[in-house]
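**Q** Sequence first, predicted model second:
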Amino acid sequence: MNSSTALRNHRLANNGTIDIVEDDLPLAEGLIMLLESQAYLVRHFTSGEEFLKMFFSESDDPRLLKPGCILLDIRLSNQSGLSVFDQVASSSKKFTKPIIFMTGHGDMEIAVDVLTRGAFDFLTKPFVSEALMAKVDRGVEKSRGLLDTLCSRELLQDRISRLTQKELLVMQGIAAGKSNREIAEETGNSIRTIELHRAHVLQKLAVHNAVELANVLARSNLIDAPRTTPL
């Protein structure tokens, strides 16, 4: 791959990467042409096995992943689309690309079922280009949101890991809405000591006050049960 092609692919990947898992080659070629015309980077896999090999070889780091979605045929020749979906969905940290199932008219009951199991949407063959692109665009936007949330969580976890044990206990007290006096009484420390730890916690987590801290922790689901070990 030359440098100009690599640069183009990088730009397209930032727009969104669409993975097509489809063993009907003429259908896949039509999808590729349509999606590339809308400035998406497209990767085609002819089997579930081929796709899963790529999927599980990619990095777990959300900062390295690109937004996108997966167009998955529900009836593949070997491993079924439902089996592929179950394996992707079981990897919660990597489940950042919404899955849009491609179904036949006889698969409506199955299609409705996969929606209840976490699939993003489904398309019935033959496709209407406008409807397909609308769903792909929505899927990519959802992917961006999922990646943003994961990146924020990873960053917050990294910052929390830098807290001392004492600061971690104070953080939990702040998140629970307790005052410096309450934390001091529970831990047997002076209010001044708690004030110093509180200032360090806010600084290290890059937040300005207790409300912002509590909101950040709640959004990231990182609040542990408070402990009462003395500082």
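**A** Sure, I can see it.
**Q** contacts and neighbour counts: CA atoms only from here.
**A** Fine.
**Q** The longest helix seen in the chain - what's its average pLDDT?
**A** Using DSSP state H to assign secondary structure, the helix with the most residues in the chain is helix 129-161. Across helix 129-161, the average pLDDT comes to 89.
**Q** which element follows it toward the C-terminus?
**A** Using DSSP states H and E, the next helix or strand after helix 129-161 towards the C-terminus is helix 165-175.
**Q** and that next one, which residues are buried?
**A** 167, 168, 169, 170, 171, 172, 173, 174, 175 (16 or more other C-alpha atoms under 10 Å).
**Q** And for stretch 119-135?
**A** For stretch 119-135, by 16+ other C-alpha under 10 Å, it's 119, 120, 121, 122, 123, 124, 132, 135.
**Q** I'd like to know how far residue 55 sits from residue 169.
**A** 39 Å (C-alpha to C-alpha, to the nearest Å).
**Q** How about the contacts made by residue 49?
**A** residue 79 (C-alpha atoms under 8 Å, 6 or more residues apart in numbering).
**Q** and what of residue 133?
**A** residue 35.
**Q** Got the phi and psi for the residue nearest to residue 75 when sequence neighbours are not counted?
**A** Leaving aside its sequence neighbours, residue 75 sits nearest to residue 81 (C-alpha to C-alpha, 6 or more residues apart in numbering; 5.8 Å). Main-chain dihedrals, residue 81, degrees, to the nearest 10: phi -60, psi -30.
**Q** begin at 24 from here
**A** Shifting the count to begin at 24 puts that one at residue 104.
**Q** Residue 104 against residue 94, yeah?
**A** No - at 10.0 Å, residue 104 does not count as touching residue 94 under the criterion of C-alpha atoms under 8 Å.
**Q** Now the common contact residues for these two.
**A** Contacts common to residue 104 and residue 94, judged by C-alpha under 8 Å, 6+ apart, are residue 124.
**Q** Wasn't residue 102 part of a helix?
**A** No - assigned with DSSP: H, G, I helix; E, B strand; the rest coil, residue 102 falls outside any helix and is coil.
**Q** for it, what are its contacts?
**A** Taking C-alpha under 8 Å, 6+ apart as the test, what residue 102 contacts is 70, 71, 72.
**Q** okay if I get the buried residues of stretch 142-158 as a markdown table plus secondary structure and distance to residue 217?
**A** A markdown table is the format used below for those (DSSP: H, G, I helix; E, B strand; the rest coil; distance: C-alpha to C-alpha, whole Å):
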| residue | secondary structure | distance to residue 217 |
| --- | --- | --- |
| 142 | coil | 47 |
| 143 | coil | 47 |
| 144 | strand | 50 |
| 145 | strand | 54 |
| 146 | strand | 57 |
| 147 | strand | 60 |
| 155 | helix | 56 |
| 158 | helix | 51 |
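**Q** Quick check: the two most widely separated of those?
**A** Spatially, the most separated pair among these is 142 and 155, at 15.3 Å (C-alpha to C-alpha).
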